[in-house]
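Trainee: sequence below, structure please.
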Amino acid sequence: MTLEIAKLKLNCDMGESFGQWNMGQDEHIMPYVHMANIACGFHASDPDMMAKTIQLAQQHNVSIGAHPSYQDLLGFGRRSITHTPEQISHLVCYQVGALQNLASFYDAQIDYIKPHGALYNDMMDNLEIFEAIVQAAMPTGLPLMVLAKADNTEYLDIADEYNVPLLFEAFADRSYKDDGSLVSRQSPNALHRKSEDIFYQAMQLANFGTVTTVKGNTIEIQADTLCVHGDNEESIATIKRIFTALNNK
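Mentor: Predicted coordinates for the structure are as follows:
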């Protein structure tokens with residue numbers, strides 16, 4: 001009997017330019033993803049860029065997600081900043097609210113929340129931070145996107161307590177450890193850089209619900225969505241290839 005794996009949806013971080021500073025190639029990527037994680041101003045973006053990205057997502061019928069982070073423009077949200085749990089809840093509410101109101105202005109809606117960078121990593125490493133983010137998500141009624149690990153029980157228990165749905169995410173271009181967590185970006189083998197390696201991992205996750213770790217072990221990862229990054233022509237071509245393969249699955 002063959003295990004039927006649900007079709008993965010591609011998500012990508014977008015709207016990360018601001019002012020005169022440009023990052024990413026959103027217009028080229030948006031046609032080939034299902035979900036756009038739009039920066040909310042704390043690690044990148046500004047009101048005009050947020051609005052532009054919302055409209056771009058609408059044009060391509062792409063689901064919109066809020067992408068909140070620590071308030072860290074200089075470090076692109078990749079530095080942990082010490083906060084109380086209450087402060088974590090506040091910064092998430094603040095950013096999600098900003099994007100929600102801009103979306104409403106353009107007759108769009110926010111469909112989920114995905115923390116960015118260090119906030120995402122800290123959420124997965126510290127259940128107190130995770131609970132603070134869940135509490136912020138609760139009044140919105142929006143699902144929270146989290147890393148799909150080998151064992152998600154602790155996260156599900158907390159989310160169930162607040163009646164917050166979880167979306168489980170895997171990564172096409174990141175290396176995995178045996179517990180299903182990601183290899184730190186500080187490690188030289190944190191990222192898959194070859195197009196074929198990224199495509200292979202995406203298809204392994206899509207077709208079998210598994211990933212091969214840096215130690216060569218195969219672990220089960222049940223994900224709803226697959227994160228891709230497109231900052232150059234080669235990566236955009238890879239995203240298009242993955243998108244086409246998933247849609248033909």
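
Trainee: going forward, measure contacts and count neighbours with C-alpha atoms only.
Mentor: Noted.

Trainee: residue 172 - how many residues pack around it?
Mentor: When neighbours are defined as other CA atoms under 10 Å, residue 172 has 24 of them.

Trainee: how is the nearest residue to it once chain neighbours are set aside assigned, secondary-structure-wise?
Mentor: Leaving aside its sequence neighbours, residue 172 sits nearest to residue 202 (CA to CA, 6 or more residues apart in numbering; 5.0 Å). When classified by DSSP: H, G, I helix; E, B strand; the rest coil, residue 202 comes out as helix.

Trainee: just give the number of residues close to residue 202.
Mentor: Using other CA under 10 Å, residue 202 has 28 other residues around it.

Trainee: list the residues that contact it.
Mentor: 171, 172, 226, 242 (CA atoms under 8 Å, 6 or more residues apart in numbering).

Trainee: the third one pairs with what?
Mentor: What that stands for is residue 226. residue 10, residue 170 (DSSP bridges).

Trainee: so who does it touch?
Mentor: With CA under 8 Å, 6+ apart, residue 226 has these contacts: 8, 9, 10, 11, 169, 170, 171, 172, 202.

Trainee: please report how far the nearest residue to the first one once chain neighbours are set aside lies from residue 145.
Mentor: So the one you mean is residue 8. Closest residue to residue 8 apart from its sequence neighbours, by CA to CA, 6+ apart: residue 225 at 4.9 Å. In this view, residue 225 and residue 145 are 9 Å apart by CA to CA, to the nearest Å.

Trainee: the two: which has the busier surroundings?
Mentor: Comparing residue 225 with residue 145 by neighbour count (other CA under 10 Å), the higher total belongs to residue 225, at 25 against 20.

Trainee: re earlier: filter the contacts of residue 226 down to the buried ones, PyMOL style.
Mentor: To isolate the buried members of the contacts of residue 226 in PyMOL, using 16 or more other CA atoms under 10 Å:
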select buried, resi 8+9+10+11+169+170+171+172+202
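
Trainee: closest to the centroid, which residue in this structure?
Mentor: residue 114 (5.3 Å; CA atoms, centre = their mean).

Trainee: now the helices for the chain?
Mentor: Along the chain, the segments classed as helices by DSSP state H run 26-29, 47-59, 85-105, 117-125, 127-137, 153-161, 195-208, 233-247.

Trainee: mind putting the ones you listed into CSV with mean pLDDT and distance to residue 181?
Mentor: Converted to CSV, those look like this (pLDDT from 0 to 100; distance: least, CA to CA, whole Å):
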stretch, mean pLDDT, distance to residue 181
helix 26-29, 94, 26
helix 47-59, 98, 30
helix 85-105, 98, 22
helix 117-125, 96, 9
helix 127-137, 98, 15
helix 153-161, 97, 14
helix 195-208, 94, 15
helix 233-247, 90, 22
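
Trainee: out of those helices, which one sits most buried?
Mentor: For the helices of the chain, average neighbour numbers computed from mean count of other CA atoms under 10 Å are highest in helix 127-137, which has a mean of 22.

Trainee: thank you, goodbye.
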